[in-house]
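Enquirer: no letters, just coordinates:
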Ligand SMILES: [Zn+2]
């Protein structure tokens, strides 16, 4: 999920998304509602192809205001998002402390950190606090890199720790959200540390 709209990866995803542009509004609404039913009750990697497809359809649906038109009924377990009125589909990322849980329909904050249920907020905060200094290694300035001595080794070490922490998010943290949300997606990569989904084993 690169954020630069001109990046080759974004252009590729734009090309993938053309498949959904051929759907009329009703077909798109039904596809989304049906797929939500199939996603329900599980935790999902952000990199899962089904999620990739859903996100493309969801963003098109957001542009077309599909959920305002009430063309299809999502499964009952999904309540309405305060951000964009789409069904709640939260994404857990390493930025959860600052950005909360992210909406997969409009990319805005779906649940601010302080509104994450208190039963799991402490665990999430502890995990994010462990992750932040590990991730920061990728953004060290020259002075910090020099003082580390062997920066390559420090970077590789940070990437290994990130792999473990992301695996913990997927295997231990994400399942706890299912008590409060019908589904949760967790970010299984760290582009700054070059950690790929296939490096994160759960
Ligand atoms: Zn939203």
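Expert: Yep, it's here. These numbers were taken from a predicted model, which means no experiment stands behind them.
Enquirer: who's in contact with the residue nearest the centre of the chain?
Expert: Among the residues of the chain, the one closest to the centroid is residue 91, at 3.7 Å (Cα atoms, centre = their mean). Taking Cβ atoms under 8 Å, 6 or more residues apart in numbering, we find residue 91 in contact with 46, 101-104, 110, 184-187. Where C-beta positions appear, they are placed from N, C-alpha and C, glycine not excepted.
Enquirer: and the ion, which of those contact it?
Expert: Restricting those to those touching the ion (Cβ under 5 Å from the ion) yields residue 103.
Enquirer: switch the contacts of residue 91 over to JSON lines; also include neighbour count.
Expert: Shown next, in JSON lines, are these (neighbours: other Cβ atoms under 10 Å):
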{"residue": "46", "neighbour count": "19"}
{"residue": "101", "neighbour count": "24"}
{"residue": "102", "neighbour count": "22"}
{"residue": "103", "neighbour count": "23"}
{"residue": "104", "neighbour count": "25"}
{"residue": "110", "neighbour count": "24"}
{"residue": "184", "neighbour count": "23"}
{"residue": "185", "neighbour count": "27"}
{"residue": "186", "neighbour count": "23"}
{"residue": "187", "neighbour count": "22"}
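Enquirer: isn't there a helix covering the residue nearest to the centre of the chain?
Expert: No: assignment of residue 91 by DSSP: H, G, I helix; E, B strand; the rest coil gives strand, placing it outside any helix.
Enquirer: isn't residue 54 up against residue 39?
Expert: Yes: using Cβ atoms under 8 Å, residue 54 is in contact with residue 39, at 7.1 Å.
Enquirer: which residues touch residue 171?
Expert: Contact partners of residue 171, counting by Cβ under 8 Å, 6+ apart, are residue 202.
Enquirer: partners of residue 92 in the sheet?
Expert: residue 186 (DSSP bridges).
Enquirer: pretty sure residue 75 sits in a helix.
Expert: No: with three-state DSSP as the criterion, residue 75 is coil rather than part of a helix.
Enquirer: any idea how far it is from residue 159?
Expert: Counting by Cβ to Cβ, to the nearest Å, the gap from residue 75 to residue 159 is 38 Å.
Enquirer: same check, this time on residue 195
Expert: Distance from residue 195 to residue 159, by Cβ to Cβ: 5 Å.
Enquirer: compare those two (neighbour count), which wins?
Expert: residue 195 (22 against 18; other Cβ atoms under 10 Å).
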